Structures are given as C-alpha cells and as structure tokens.
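Engineer: build me a model from this:
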Amino acid sequence: MEDKPFLTLERLRQGAKLEPLVLPISEEFVAAFCHATSEKPTFLEGRQVAPTGIAGIWGRRAYLVNHRMPGGSVLFQLQYEFDRPVFVGDTLTAQARVKEITDRKGRPLVRFRVEAKNQRGEGVAAVELAVLWSK
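Structural biologist: Numbers count the residues shown, from 1 in each chain. From the prediction side, this is the model:
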C-alpha cells in the first residue's frame with residue numbers, strides 16, 4: 001500500500017476546499033458496516049437504506065482523500081445533520097472545506113464542514129468535525 005503524504009497545517013486555510021471524496025454506497029460496504037456495528041439492515045420504500053453511522057466514515061475520509069493525519073492529531077468533535085436517506089446504490093460526493101482554524105491550549109484546532117450530495121446532486125447530509133492538530 002502506497003503511503004499518502006501527511007496533511008499539513010500549512011496546506012489548510014479558512015475557506016479552503018479539499019479534493020472531493022466519491023464514495024459508492026455498495027451492498028457490500030453497507031453489509032460490512034452492519035456486521036461491524038451489529039446494526040440491522042433497514043428498508044424504506046422497498047430499498048435498503050445506508051445506516052446513518054456511515055456518515056462518520058465519509059465525514060472523516062473526505063478531508064483525507066489523498067493524505068493522512070500527522071501523528072499526534074486527534075479527532076476532537078463530530079456533529080451530523082441529515083437531510084435525506086442514502087440508499088444502497090447511491091454514489092456520494094463529499095466535499096470538505098476548512099471552516100476555521102483556532103488555538104486550543106497552544107495547539108491548532110481545525111474545524112471542517114463536509115457536505116455530501118448523492119448522484120442527483122441532492123444534499124443528503126453534512127458533518128462538522130474538529131481536529132486537534134499536532135504541533
């Protein structure tokens with residue numbers, strides 16, 4: 001597996017958009033998630049719905065598309081907003097942007113907002129997260 005470069009604080013600035021993450025919501029992906037979390041599959045109008053917890057996966061992966069976190073960085077906070085269900089067979093495009101960078105006890109705290117749309121361009125959810133960056 002090829003090592004990805006670290007996502008450096010120097011690359012980030014308020015308002016910066018990062019490369020979008022494209023994530024197909026396959027039956028296998030949802031089954032693996034349900035198995036790992038002991039969630040039961042749910043259906044709406046005869047279609048399998050992706051568990052809302054999957055937002056935690058694409059929310060974090062969306063700002064690390066071609067990078068990895070530097071050692072010592074800590075996911076500090078997650079907040080979700082859901083607009084409509086995501087179904088098996090949908091393809092999400094999640095776009096992360098830097099909401100703000102502040103100081104927390106001498107360490108940078110980077111807040112991201114990640115908005116996801118389905119293949120029809122409909123907003124499905126947003127994730128706001130904060131990362132306490134390594135020094």
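Engineer: specify the local secondary structure of the residue nearest the centre of the chain.
Structural biologist: Of all residues in the chain, the one closest to the mean position by Cα atoms, centre = their mean is residue 59, 1.1 Å from it. Secondary structure state of residue 59, per DSSP: H, G, I helix; E, B strand; the rest coil, is helix.
Engineer: is it true that it touches residue 92?
Structural biologist: No. Taking contacts as Cβ atoms under 8 Å, residue 59 lies outside contact range of residue 92: 10.7 Å. Where C-beta positions appear, they are placed from N, C-alpha and C, glycine not excepted.
Engineer: biggest helix in the chain by residues?
Structural biologist: Across the chain, the longest stretch assigned as helix under DSSP state H is helix 27-37.
Engineer: list the buried ones in that helix?
Structural biologist: Neighbour-count burial for helix 27-37 flags 30, 33-34 (criterion: 16 or more other Cβ atoms under 10 Å).
Engineer: following it, which helix or strand comes up?
Structural biologist: Following helix 27-37 in sequence order, the next helix or strand is strand 42-44 (DSSP states H and E).
Engineer: that next one - contacts with which helices or strands?
Structural biologist: strand 47-49 (3 or more Cβ pairs under 8 Å, 6 or more residues apart in numbering; DSSP states H and E).
Engineer: what sits up against the strand it packs on?
Structural biologist: Here strand 47-49 makes contact (Cβ atoms under 8 Å, 6 or more residues apart in numbering) with 27, 30, 41-43, 85-89.
Engineer: ok, stretch 108-118 next?
Structural biologist: For stretch 108-118, using Cβ under 8 Å, 6+ apart, the contacting residues are 9, 12, 55, 58-59, 62-63, 76, 84, 86, 90-103, 123-133.
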